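**Student:** make a model of this:
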Amino acid sequence: QVQLVESGGGLVQAGGSLRLSCAASGRSFSTYTMAWFRQAPGKEREFVAGINWSGGSTNYADSVKGRFTVSRDNAKNMVYLQLNSLKPEDTAVYYCAVQRPRIGIATISIEYDYWGQGTQVTVSS
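**Tutor:** Modelled structure (predicted):
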């Protein structure tokens, strides 16, 4: 069983930045591929960014490439998402998730077994 707790969300003006954190329980954290998803009101949950167990491989949604950066610290059981140049359309609840064992970084939610409770990011225009 893995527990995930996100933090760092908030209200920010367009063009601003936030850093989201995800704290994970479990001794096997360093073996997990992790990802961030987001869900805006009335929309489906969508993939934002993923990172493999070592941090050596990452994947981003086209909509956030060049603006968001995913990273991890295995010694601290933490995953981060740096959000820069935020836009109103980035407004959503952001979730971190643990991928089930498979090759590569999946971009669909059904490939992820454990989820946090989410943290709200609101970007004002």
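
**Student:** can you map out the strands along this protein?
**Tutor:** Here the chain has its strands, by DSSP state E, at 4-7, 10-13, 18-24, 34-39, 46-51, 58-60, 68-73, 78-83, 92-99, 112-115, 119-124.

**Student:** partner strands of the fifth one, with direction?
**Tutor:** In this case it means strand 46-51. Using DSSP bridges, strand 46-51 pairs in its sheet with strand 34-39 (antiparallel), strand 58-60 (antiparallel).

**Student:** any buried residues in the longest one, and which?
**Tutor:** It stands for strand 34-39. For strand 34-39, a neighbour-count test (16 or more other C-beta atoms under 10 Å) marks Met34, Ala35, Trp36, Phe37, Arg38 as buried. Yep, even glycine has a C-beta here, placed from its N, CA and C like the rest.

**Student:** surely the last one and Ala49 touch.
**Tutor:** Looking back up the chat, that one is Arg38. No: if you go by C-beta atoms under 8 Å, Arg38 and Ala49 don't touch, sitting 9.7 Å apart.

**Student:** quick revisit: okay if I get the strands of the chain as JSON lines plus distance to Ile105 and mean pLDDT?
**Tutor:** Converted to JSON lines, the strands of the chain look like this (distance: least, C-beta to C-beta, whole Å; pLDDT from 0 to 100):
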{"stretch": "strand 4-7", "distance to Ile105": "17", "mean pLDDT": "98"}
{"stretch": "strand 10-13", "distance to Ile105": "27", "mean pLDDT": "98"}
{"stretch": "strand 18-24", "distance to Ile105": "15", "mean pLDDT": "98"}
{"stretch": "strand 34-39", "distance to Ile105": "7", "mean pLDDT": "98"}
{"stretch": "strand 46-51", "distance to Ile105": "4", "mean pLDDT": "98"}
{"stretch": "strand 58-60", "distance to Ile105": "4", "mean pLDDT": "98"}
{"stretch": "strand 68-73", "distance to Ile105": "10", "mean pLDDT": "98"}
{"stretch": "strand 78-83", "distance to Ile105": "13", "mean pLDDT": "98"}
{"stretch": "strand 92-99", "distance to Ile105": "7", "mean pLDDT": "98"}
{"stretch": "strand 112-115", "distance to Ile105": "11", "mean pLDDT": "96"}
{"stretch": "strand 119-124", "distance to Ile105": "21", "mean pLDDT": "98"}
